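A.B. asks: Curious how this folds, go ahead:
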Amino acid sequence: MRILILNQWFDPEPAFKGLSFARRLAARGHEVEVLTGFPNYPEGRLYPGYRMRLWQREWLERIPVIRVPLYPSHDLRAVRRALNYLSFAVAAALLGPWLARRPDLIYAYHPPGTVGLAALALGRWFSAPVVYDVQDLWPDTIVASGMLRGGMVLRLLDGFCRFVYRHADRVAVLSPGFRQTLMERGVAADKVQVIYNWAREPQPPPPAGPPAIGKAGLEIVFAGNMGPAQGLDAVLEAARRCVGLAPGARFRLVGGGVDAERLERRAREMRLPNVEFAGWQSLAATQAMLQAADVLLAHLKDDPLFAITIPSKTQDYLAAGRPILMAVRGDAADLVARAGAGILAEPGNPESIAEAVCKLDAMPAAERDRMGRAGREFYERELTMGRAVERLDALVRELEPCRFPRRKRLLDIAVAVAGLLTLGPLMALIALAVRLTLGSPVLFRQLRPGWKGRPFRMLKFRTMREARGPDGGPLPDSQRLTGLGGFLRRTSLDELPELWNVLTGEMSLVGPRPLLMDYRDFFTAREKLRFGMPPGITGWAQIHGRNRSPWNARLERDAWYVEHWSMALDMRILAATVGQVWRGESVVEDPRSIMLNLDEERSRCIP
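C.D. replies: Prediction:
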């Protein structure tokens, strides 16, 4: 398949699913292209050799990379961080269609959550399925980091993220807890798959780094980002307790981040003789420190969000083959426990962390080595990049792109945008009228089968009131239809919200009319050809009698349309539809009355 990787951060930035990941996908036979920003992470300054421009193409180890502009920033100020995220999303959405080759599939890496905007836009533009790799739950992470605490902005962000999660074709998550949370937020269970992360790949021997900690006592290494989410004040407090409880234990904090300077300053103020800050190191140097340590420490704030995440250092630690002190709740702790690779402590609890250090200090070195070997074996068996890419490859091969010509999609987008803009005032008036006569909701939403039979929610204006007969079932459509509803149906104005379905790529202007989900499994092999094109607002069957045509004739015309599609045919159908709507032809008040009974359908059709 031709895969477009959409990732705001990519090599030479320290991107997790970066160049090595792209190479692995290419090695499995895929054509890989990358759409990313100009490198500026983590300092928020452009890397040497780059200058901001409208776009730039380059090749990194035979992987084509397209870079689009963004606002370079990575600090704690919410406005600047938001500009960084939004600028890339908008640039990728607007420039991607003109710079990237048409992909068979889009793989989008989240965070930031704003990448979902570009992912869905490009997916609709190219008619390509989207695999959305969720590494951080938004807006939960934003709240936990302190960037947002509530209000309208947070509610809008939450609604946007839920929309993206639900509309991606597949969602890959890093933990079972993420999967459960997304399912609770309305994402179908069969769309969400757990694909564990892996450790960063080993590099050549490191250059000379900071002097190693003396081996007179227990060497404890924390490696990674130092920010509010890590909550490392509790580790400093634990280190203070260990001065008396485990005098030989020494803590080395490797890495950096927005909280690093404050933490280092606080350690000096606390006069901690057993804490050392090593700063950012190369990957090879960091891995050498991990492999030389006696214990590897992981810590996150005691927050419900972090109980369902697995910090990336977990895999790095397991791969290093050293025992782990896991001060994180939930899925990360479960993974270490399954591997038998360390001991657990309560996050945010200095006493618990210090107690775990004392336990490890008193443990024979042979027992610590056994834990380290168990972790390494578990990693090799379950968590390598090869295993993860194998699972992802199986996932992407399940998805097939919608391969109707781009010019059809361009027509859909142009007409949908023009229609929504010009008819917006009319749609607002209709919505108000429906609200006054029928109440809320204004829109009728119904699950219908789309391309390849995949369900989507079709939108229409409501035309009927809720009314049930003595048996508790709904009355016939003709008895529930209001005067306003009859007018909307006769003029086809009730169909206007479907322009949104067209814009999002769930429908086309012209195609087989989407029927009920109940009928999906009972069409004949020929009638299933209707799923070879996106469903349409109008179609070949619609201009030949609409709902007054016999059922078999309508299905046959839909199959014929798929077999004989051309742009000229679409234009002919659109022209005929305009005339038909203008004359109000072939409209019935109760379309169900002319449909076959479902029991008859089952006896007639081949499953």
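
A.B. asks: what about the stretch 51-200 of the chain, any weak spots by pLDDT?
C.D. replies: Along the stretch 51-200 of the chain, segments meeting pLDDT under 70 span 76, 144-150.

A.B. asks: neighbours around M52, how many?
C.D. replies: Using other C-beta atoms under 10 Å, M52 has 14 other residues around it. Just so you know, the C-beta spots here come from the backbone N, C-alpha and C atoms, and that holds for glycine as well.

A.B. asks: Could you find the closest non-adjacent residue to it?
C.D. replies: P69 (5.5 Å; C-beta to C-beta, 6 or more residues apart in numbering).

A.B. asks: Am I right that the one you found is in contact with R53?
C.D. replies: Yes - between P69 and R53 there is a contact under C-beta atoms under 8 Å: 6.9 Å.

A.B. asks: so where does the residue nearest the centre of the chain fall, helix or strand?
C.D. replies: Most central in the chain under C-alpha atoms, centre = their mean is Y132, positioned 3.2 Å from the mean C-alpha point. Assessed by DSSP states H and E, Y132 sits inside strand 130-134.

A.B. asks: Any figure for the gap between the residue nearest to the centre of the chain and S566?
C.D. replies: Distance of Y132 to S566, computed by C-beta to C-beta, to the nearest Å: 34 Å.

A.B. asks: Repeat that for R81.
C.D. replies: Counting by C-beta to C-beta - R81 and S566 are separated by 49 Å.

A.B. asks: Which residues are in contact with the nearest residue in space to R24 that is not next to it in sequence?
C.D. replies: Excluding the flanking residues, the one nearest R24 by C-beta to C-beta, 6+ apart is V389, at 4.6 Å. V389 makes contact with 21, 24-25, 28 under the criterion C-beta atoms under 8 Å, 6 or more residues apart in numbering.

A.B. asks: PyMOL command for the buried members of the residues you listed?
C.D. replies: Selecting only the buried entries of the contacts of V389 in PyMOL, with 16 or more other C-beta atoms under 10 Å as the criterion:
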select buried, resi 21+24+25
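
A.B. asks: among the contacts of V389, which two are most distant?
C.D. replies: Farthest apart among the contacts of V389 by C-beta to C-beta are F21 and R28. That separation is 11.4 Å.

A.B. asks: What are the structural domain limits within the protein?
C.D. replies: Following automatic domain parsing, the chain resolves into domains at 2-194, 219-377, 406-604.

A.B. asks: can you pull the contacts of A100?
C.D. replies: By C-beta under 8 Å, 6+ apart, the neighbours of A100 are 4, 33, 35, 66, 122.

A.B. asks: Name the residues of whichever strand or helix holds the third one that are buried.
C.D. replies: According to DSSP H and E, L35 maps onto strand 31-37. With burial defined by 16+ other C-beta under 10 Å, the residues of strand 31-37 counted as buried are 32-37.

A.B. asks: Dump these to a markdown table, plus distance to M464 and pLDDT.
C.D. replies: Formatted as a markdown table, these follow (distance: C-beta to C-beta, whole Å; pLDDT from 0 to 100):
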| residue | distance to M464 | pLDDT |
| --- | --- | --- |
| V32 | 50 | 94 |
| E33 | 48 | 96 |
| V34 | 50 | 96 |
| L35 | 45 | 97 |
| T36 | 49 | 96 |
| G37 | 49 | 95 |
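
A.B. asks: which stretches of the stretch 351-500 of the chain form helices?
C.D. replies: 365-382, 385-397, 406-422, 424-438, 477-480, 483-490, 498-503 (DSSP state H, counting those that start in this stretch).

A.B. asks: cool, and the stretch 1-150 of the chain?
C.D. replies: 19-27, 78-99, 115-126, 140-145.

A.B. asks: Quick one, which of those helices gets closest to T463.
C.D. replies: Across those, T463 has its closest neighbour in helix 115-126 (27.8 Å, C-beta to C-beta).

A.B. asks: Which neighbouring elements make contact with that closest one?
C.D. replies: Packing contacts for helix 115-126, counted by 3 or more C-beta pairs under 8 Å, 6 or more residues apart in numbering; DSSP states H and E, involve strand 2-6, helix 78-99, strand 105-110, strand 130-134, helix 152-167, helix 406-422.

A.B. asks: Could you dump these into a markdown table with distance to L182 added?
C.D. replies: Converted to a markdown table, the helices and strands packed on helix 115-126 look like this (distance: least, C-beta to C-beta, whole Å):
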| stretch | distance to L182 |
| --- | --- |
| strand 2-6 | 19 |
| helix 78-99 | 20 |
| strand 105-110 | 12 |
| strand 130-134 | 7 |
| helix 152-167 | 6 |
| helix 406-422 | 29 |
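
A.B. asks: sorry, back to before: wait, which of the domains of the chain is closest to R397?
C.D. replies: Closest among these, using C-beta to C-beta: domain 2-194, at 9.3 Å.

A.B. asks: what's the following helix or strand after the helix or strand that contains R268?
C.D. replies: R268 belongs to helix 260-269 when elements are defined using DSSP H and E. Later in the chain than helix 260-269, the nearest helix or strand by DSSP H and E is strand 275-279.

A.B. asks: Give the buried residues for that following strand.
C.D. replies: 275-278.

A.B. asks: neighbouring contacts of stretch 351-361?
C.D. replies: Here stretch 351-361 makes contact (C-beta under 8 Å, 6+ apart) with 217-218, 220, 234-235, 238, 241-242, 245-246, 248-249, 294-295, 299, 323, 325, 327, 343-346, 368.

A.B. asks: just to revisit the earlier point, quick one: contacts of the helix holding R268?
C.D. replies: 226, 232-233, 236, 239, 253, 275, 277, 279.

A.B. asks: just checking, Y109 touches G18?
C.D. replies: No - at 9.2 Å, Y109 does not count as touching G18 under the criterion of C-beta under 8 Å.

A.B. asks: Mind checking which of these two has more residues around it?
C.D. replies: Y109 (25 against 22).

A.B. asks: Counting neighbours, what do you get for the nearest residue to that one once chain neighbours are set aside?
C.D. replies: Nearest residue to Y109, sequence neighbours excluded (C-beta to C-beta, 6+ apart): N7, at 4.1 Å. Here the count is done by other C-beta under 10 Å, and N7 has 24 residues near it.

A.B. asks: Same question for R368.
C.D. replies: Around R368 there are 18 residues (other C-beta under 10 Å).

A.B. asks: same question, E367
C.D. replies: Counted with other C-beta under 10 Å, E367 comes out at 11.

A.B. asks: so where's the protein shaky on pLDDT?
C.D. replies: 76, 144-150, 201-216, 400-406, 471-473, 477, 546-549, 584-607.

A.B. asks: What separation do you get for the closest residue to V396 other than its chain neighbours and K460?
C.D. replies: Closest residue to V396 apart from its sequence neighbours, by C-beta to C-beta, 6+ apart: L105 at 5.4 Å. The gap separating L105 from K460 is 31 Å, by C-beta to C-beta.

A.B. asks: Neighbour count: the two, which is higher?
C.D. replies: Neighbours were counted for L105 and for K460 using other C-beta under 10 Å; L105 has more, 24 against 18.
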